[in-house]
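Student: After the sequence you'll find the predicted model.
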Amino acid sequence: MRKQLVVGCLCALLLRALTPSALALGPGDVLTGVGQVVAIELETDGVIVAGFAPVDTENGSVSPAAAAGLQPGDQIVALNGAEVHDDESLLSALSESEGSVTLSIERSGSESMVSLTPALGRDGRMYLGLWLRDGISGIGTVTFQDPETGVYGALGHGVGTESSEALTPIRGGAIGEAGVESVVPGQNGATGELVGMPAGELMGDVRQNTPLGIFGVAESMEGERYCVAAESEITLGAAEILCTVEGNTPQRYSVDITRIACGGEGRSLSLKVTDETLLAKTGGIVQGMSGSPILQNGKIVGAVTHVLVEDPKRGYGITLESMLKACDAA
């Protein structure tokens, strides 16, 4: 969602209080393999520059923020030293300032200071000339849930801004029921996507945004239970992914694991979709399938993370063992 500074405020997402929830699970433990598409809403810790809005002044149209060098994707974390956690705190800090202001911004993991002078619009109000947002929304797939604690993991990768791979700091968030209405198939050089429709019912919260997925606690989700495979148990060859590409019912589709590079963070598995039914529906791996559980030999071994843009039949995944470690350490 976007808004121009001092035009108004978004209603805050109502969340239950966040509490720590470590997940000390690993190979041999039993988890629910989910594969369900959900709507994801994240509240950022700070506000994100979504674009620039020229201010109509007596001297013409100007955007002080653009002139000062701000860029889409920058995260504003303070104004004149006052911490900014959402649009309301930014508006409050701006209303108490006079003349030029100094913004503390984070860009690609580094913090810097930018000074600028708000412009006086013809309506008599001061503007920075920004479109801002204090939340991120989309759809993604839940990988697993611990049936004992309700802790789940989804996406298999972190959430960042459009212009940077740096993780977006979050204050919290929520997941809700969703279904797949249609699919934009992937083509060589063009990433496809699942077109989802939120159902409006909240399922749980989001507490962590890590490089290997988002994590939180949710109501009990349906799905078969699987033992977690150790990285050493994963083999090249036939496997399956559990994903939702129509409605809200996960299905299994055949893939091949073509490369294994265990250890460390990142894309440790390479995949090739071999299922003709899935290829006919989606062309391969598409956006929204990130987080789909990877199954092999009756165990849950990993999660789909990315598609190879040049060839949508191919993509990447991470091992579930590494995903669980990210949740436990966050």
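Tutor: Arrived safely, thanks for sending. Residues are numbered from 1 along each chain as shown.

Student: which stretches of this protein have low pLDDT?
Tutor: Flagging of the chain using pLDDT under 70 yields the residue ranges 1-23, 161-166, 263-267, 329-330.

Student: and with 80 instead?
Tutor: 1-24, 45-46, 86, 108-109, 133-135, 160-169, 199-200, 262-267, 328-330 (pLDDT under 80).

Student: And it, split by domain according to the record?
Tutor: The chain breaks down into these domains under automatic domain parsing: 26-45+136-329, 54-128.

Student: Now tabulate these in CSV and tack on mean neighbour count.
Tutor: Where you see a C-beta, it was placed from the backbone N, CA and C, and this is true even at glycine. Formatted as CSV, the domains of the chain follow (neighbours: other C-beta atoms under 10 Å):
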stretch, mean neighbour count
domain 26-45+136-329, 20
domain 54-128, 16
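
Student: Which of the helices or strands spans Gly223?
Tutor: Here Gly223 is covered by no helix or strand, with elements defined by DSSP states H and E.

Student: whoops, I mixed them up, Pro72
Tutor: Short version, using DSSP H and E: Pro72 is in no helix or strand.

Student: can you pull out the strands in the stretch 201-330 of the chain?
Tutor: 208-210, 213-217, 225-228, 237-243, 251-260, 269-273, 293-296, 299-307, 314-319 (DSSP state E, counting those that start in this stretch).

Student: With distance to Val49 as added columns, please give the ones you listed in TSV.
Tutor: What follows is these, written out as TSV (distance: least, C-beta to C-beta, whole Å):
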stretch	distance to Val49
strand 208-210	19
strand 213-217	22
strand 225-228	40
strand 237-243	33
strand 251-260	38
strand 269-273	35
strand 293-296	35
strand 299-307	25
strand 314-319	29
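
Student: Could you give the backbone dihedrals for the residue positioned nearest the centre of the chain?
Tutor: With distances taken as C-alpha atoms, centre = their mean, Val159 lies nearest the centre of the chain, 3.3 Å away. Dihedral pair for Val159: phi -100, psi 120, per degrees, to the nearest 10.

Student: So it is in contact with Asn209, correct?
Tutor: Yes - the pair Val159 / Asn209 is scored as a contact, 5.4 Å apart, by C-beta atoms under 8 Å.

Student: Can you check which residues contact both of those two?
Tutor: 42, 167-168, 170 (C-beta atoms under 8 Å, 6 or more residues apart in numbering).

Student: Show me these that map onto helices.
Tutor: Counting by DSSP state H, no part of those is found in helices.

Student: nearest to Glu219, of the residues you listed?
Tutor: Within the shared contacts of Val159 and Asn209, proximity to Glu219 (C-beta to C-beta) peaks at Leu42, which comes in at 18.8 Å.

Student: Roughly how far does that closest one sit from Gly158?
Tutor: Between Leu42 and Gly158 the computed distance is 11 Å (C-beta to C-beta, to the nearest Å).

Student: Are there residues contacting both of the two? Which ones?
Tutor: Residues touching both Leu42 and Gly158 (C-beta under 8 Å, 6+ apart) are 168, 209, 214.

Student: Closest to Gln36 out of those residues?
Tutor: Distances from Gln36 to the shared contacts of Leu42 and Gly158, taken by C-beta to C-beta, are shortest for Ile214, at 14.2 Å.

Student: contacting residues around the closest one?
Tutor: Ile214 sits next to 40, 42, 140, 153-155, 158-159, 173, 206, 208 when contact means C-beta under 8 Å, 6+ apart.

Student: got TSV for those residues, with distance to Ala67 too?
Tutor: As requested, those are arranged in TSV below (distance: C-beta to C-beta, whole Å):
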residue	distance to Ala67
Ile40	35
Leu42	30
Gly140	37
Gly153	43
Ala154	40
Leu155	36
Gly158	32
Val159	30
Gly173	33
Val206	36
Gln208	37
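
Student: Quick check: chain neighbours aside, which residue is closest to Gly204?
Tutor: Spatial nearest neighbour of Gly204, excluding adjacent residues (C-beta to C-beta, 6 or more residues apart in numbering): Ala218 at 2.5 Å.

Student: hang on, the one you found packs against Phe144?
Tutor: No - using C-beta under 8 Å, Ala218 is not in contact with Phe144, being 11.3 Å away.

Student: ranges for the helices of this structure?
Tutor: Applying DSSP H to the chain gives helices spanning 64-67, 87-95, 276-282, 320-329.

Student: So for Glu58, which of the ones you listed sits nearest?
Tutor: Closest among the helices of the chain, using C-beta to C-beta: helix 64-67, at 14.8 Å.

Student: Contacts for the closest one, please.
Tutor: Contacts to helix 64-67, defined as C-beta under 8 Å, 6+ apart, come from residues 49, 52, 55, 116-119, 127-130.

Student: Output that helix in PDB with nothing but the alpha carbons.
Tutor: The C-alpha trace of helix 64-67 is given here as PDB (Å, rounded to 0.1, in the frame of the first residue of the first chain):
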ATOM      1  CA  PRO A  64      12.500  17.500  -1.900                       C
ATOM      2  CA  ALA A  65      13.100  13.800  -1.200                       C
ATOM      3  CA  ALA A  66      14.100  13.000  -4.800                       C
ATOM      4  CA  ALA A  67      16.300  16.000  -5.000                       C
END
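
Student: Just give me how far it sits from the chain centre.
Tutor: Helix 64-67 has its C-alpha centroid displaced from the chain centroid by 28 Å (C-alpha atoms, centre = their mean, to the nearest Å).
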